[in-house]
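Enquirer: whatever this is, show me its structure:
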Amino acid sequence: MARLHNGQSFPSLHIPAVGGGQISLPDDLAGSYGVVLFCRGSWCPFCNAQLAAFAGASDRLTELGVEVVALSVDDEQTSAALADKHRLSVRLGHSADADKVAAVTGAYTNDDPRYLQSNGFVLGRDGVVLTAVYSSGAVGRLVAEDVVGFVADIQSRALIPALLHVQEDRFRHADQPTHDRSEHRARHPRGARRHRGHDRIPEVRRDAIDRSWRQLRTG
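Expert: Numbering: from 1, shown residues only. Okay, here's the model as predicted:
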């Protein structure tokens, strides 16, 4: 029962979904950053708090392109009641087979009664594990605020090369003769430039990008 490590592909899992159909992992998360949460059960106050926190962060997670899936061994009726209680927008899986899930993910389980311990994974757009958090008990789990910061940092780092190119272009044109700069401004109005680029970046990502750029400039 090996644990999953960063860089490994998340294994294939098929779990019944609340409301019908099934959740197919990692396929259903393809093209998005994914969060997969294993919950102990609706009876666990720590799982309730975790899911409520992810529900509260749903707008920021959506801005970052993050989709969240949670699953447990609870039956569909119990899982549906939990979703209604916290107004969950995440996809919720029910009736998971703890032994089968543990066999492919290395998740910790409880023996009697049989259930999955709290485990959490953040996946890249290609279904590869970016980070895994394993817990053998009630505490020590993936936190919504950490996921927001983690994914925002990844995206800001990916944008740094493009930002460097933009800044280098600005410095290069700053050294041009006055008439050349005037012509450049006429062709590329500053307002339009910002609207096409920086202003389209979600606020949570923009803050991370601005911090990264300041760090680069100060060396």
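Enquirer: what's the pLDDT at Ala192?
Expert: pLDDT for Ala192: 48.
Enquirer: show me what the most centrally placed residue in the chain is bridged to.
Expert: The geometric centre of the chain, computed from its C-alpha atoms, lies nearest to Val66 (Cα atoms, centre = their mean), at 4.1 Å. Beta-bridge pairing for Val66 (DSSP bridges): Tyr33.
Enquirer: this protein: helices as residue ranges?
Expert: With DSSP state H as the criterion, the chain has helices at 45-56, 58-63, 76-86, 98-105, 144-174, 178-187, 190-196, 203-218.
Enquirer: quick one: contacts of the fourth one?
Expert: Going back to what we said before, that points to helix 98-105. 1, 3-4, 10-13, 38, 71, 73, 107-109, 114-116, 119, 121 (Cβ atoms under 8 Å, 6 or more residues apart in numbering). From N, CA and C alone the C-beta is placed, and that goes for glycine too.
Enquirer: let's see 6 Å
Expert: Residues from elsewhere that reach helix 98-105 (Cβ atoms under 6 Å, 6 or more residues apart in numbering): Leu4, Pro11, Val73, Ala107, Thr109, Arg114, Tyr115, Leu116.
Enquirer: do the same with the first one
Expert: When contacts are taken as Cβ under 6 Å, 6+ apart, the neighbours of helix 45-56 outside the stretch itself are Cys39, Arg40, Val68, His86, Leu88, Ala138, Arg141, Ala144.
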